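Novice: Structure of the sequence below:
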Amino acid sequence: MNSIIDGYGSFAIGGIIFVLVGPMWSVFSSGLVIILVLVFVMMGFLSAYLAMGMIEYVQQYGTAFFVAVIMSSMGALEALIGGFILYFFLEFRFKPEERLPERERAIVKKVK
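Specialist: The predicted structure follows:
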């Protein structure tokens, strides 16, 4: 062997690293699932919170809820297709002033 990196030297160095890291890995690996679930739940809550803040019309709440239910039960492709269909159906069915809730509709009428 020409250096310590060749052959047994690398095996010994790797073994020492594994002996030091192995017990820590076995302790923390049981908690990784819990940490991953908490991160996904927080990301889902944050995404839903931000999405609800961007909604302007009442019909968009229904579309967002419909897409979320379809995505959780069927899959992303079906939710995307269903969301597009429902969006275009609701978007072109109502006039812009009919999309607002009652209290905002009254404010718009007063302004005009």
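
Novice: Quick check on residue 56: phi, psi?
Specialist: Dihedral angles of residue 56 (phi, psi; degrees, to the nearest 10) stand at phi -110, psi -40.

Novice: distance between stretch 57-70 and the chain's centre?
Specialist: 16 Å (C-alpha atoms, centre = their mean, to the nearest Å).

Novice: Number the chain from 17, please
Specialist: I'll keep to 17 as the first residue from here, and by that count the last item is stretch 73-86.

Novice: quick one: buried residues of it?
Specialist: Using 16 or more other C-beta atoms under 10 Å as the test for burial, stretch 73-86 gives 73, 75-76, 79-80, 82-83, 86. Bear in mind the C-beta positions are built from the backbone N, C-alpha and C, glycine included.

Novice: could you say which helix or strand contains the residue positioned nearest the centre of the chain?
Specialist: Centroid-nearest residue in the chain: residue 60, 4.4 Å away (criterion: C-alpha atoms, centre = their mean). Element membership for residue 60 (DSSP states H and E) is helix 24-69.
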